[in-house]
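Undergrad: with the sequence up front, the predicted model follows.
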Amino acid sequence: MEKALREFLESLALQRRSCPWAKKQSLAAQLRELESEVKELKAALKKKDTENIREEYGDVVWDTLMFGVIAEEKGLFRIKGAVEGAHAKLVRRKPWVFGGEKVSTSAEAVRRWNEIKALEKLEKRGRKRWNEIKKLEKESRLR
């Protein structure tokens, strides 16, 4: 899997450098491509067309990773960092899978997920406000 993913990312980067159409793609344009592929995946799911589901899923992966290639090129983020962040979020938000918590039902899992997500948002807002306060303090000392 690791080799296949690495080779695919290298191919996407080559496509970005070498294909006139791919060179012109902005993040917004790439997002439209991704949305189109998601619609095709939904249609395949609705039809229960297993072969087409796999193909369209691959196209969603393609366009998702291409979005990351463009974002890296623009210095917005690294794909590796986004994947590591998503993994850390998964582990944080599912302590009944990766920690010692216990949930018995799907409803409990959803409730707990939502509680953890809400706490994370509060913490993020708190950090943002703290940084704003520190910035104001620094600016007032400079005057």
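TA: That came through fine. Numbers count the residues shown, from 1 in each chain.
Undergrad: so what touches stretch 43-56?
TA: 37, 40-41 (C-beta atoms under 8 Å, 6 or more residues apart in numbering). For glycine as for every other residue, the C-beta is placed from the backbone atoms N, C-alpha and C.
Undergrad: how does it look with 6 Å?
TA: 40-41 (C-beta atoms under 6 Å, 6 or more residues apart in numbering).
Undergrad: with stretch 27-35 instead?
TA: Residues from elsewhere that reach stretch 27-35 (C-beta under 6 Å, 6+ apart): 63, 66-67, 70.
Undergrad: can you list these in TSV and add neighbour count, pLDDT and secondary structure?
TA: Below are the contacts of stretch 27-35 laid out as TSV (neighbours: other C-beta atoms under 10 Å; pLDDT from 0 to 100; DSSP: H, G, I helix; E, B strand; the rest coil):
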residue	neighbour count	pLDDT	secondary structure
Asp63	21	98	helix
Met66	20	97	helix
Phe67	20	98	helix
Ile70	20	97	helix
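Undergrad: tell me the one of those nearest Arg129?
TA: Phe67 (30.7 Å; C-beta to C-beta).
Undergrad: C-terminal to the helix or strand where Glu51 lies, what's the next element?
TA: In this assignment (DSSP states H and E), Glu51 forms part of helix 50-73. Downstream of helix 50-73, the next assigned helix or strand under DSSP H and E is helix 79-93.
Undergrad: okay, angle between that next one and helix 50-73 too, please.
TA: Comparing the axes of helix 79-93 and helix 50-73 via axes from the mean of the first three to the mean of the last three C-alpha atoms, to 10 degrees yields an angle of 110 degrees.
Undergrad: CA atoms only for helix 79-93, dumped as CSV, please.
TA: What follows is helix 79-93 as a C-alpha-only set of coordinates in CSV (Å, rounded to 0.1, in the frame of the first residue of the first chain):
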residue,chain,number,x,y,z
ILE,A,79,-0.3,16.0,2.5
LYS,A,80,1.7,14.1,5.2
GLY,A,81,0.7,16.7,7.8
ALA,A,82,-3.0,16.5,6.8
VAL,A,83,-2.9,12.7,7.0
GLU,A,84,-1.2,12.8,10.4
GLY,A,85,-3.7,15.3,11.6
ALA,A,86,-6.6,13.2,10.4
HIS,A,87,-5.1,10.2,12.2
ALA,A,88,-4.6,12.1,15.4
LYS,A,89,-8.2,13.3,15.3
LEU,A,90,-9.5,9.7,14.7
VAL,A,91,-7.6,8.5,17.8
ARG,A,92,-8.7,11.5,19.9
ARG,A,93,-12.3,11.2,18.9
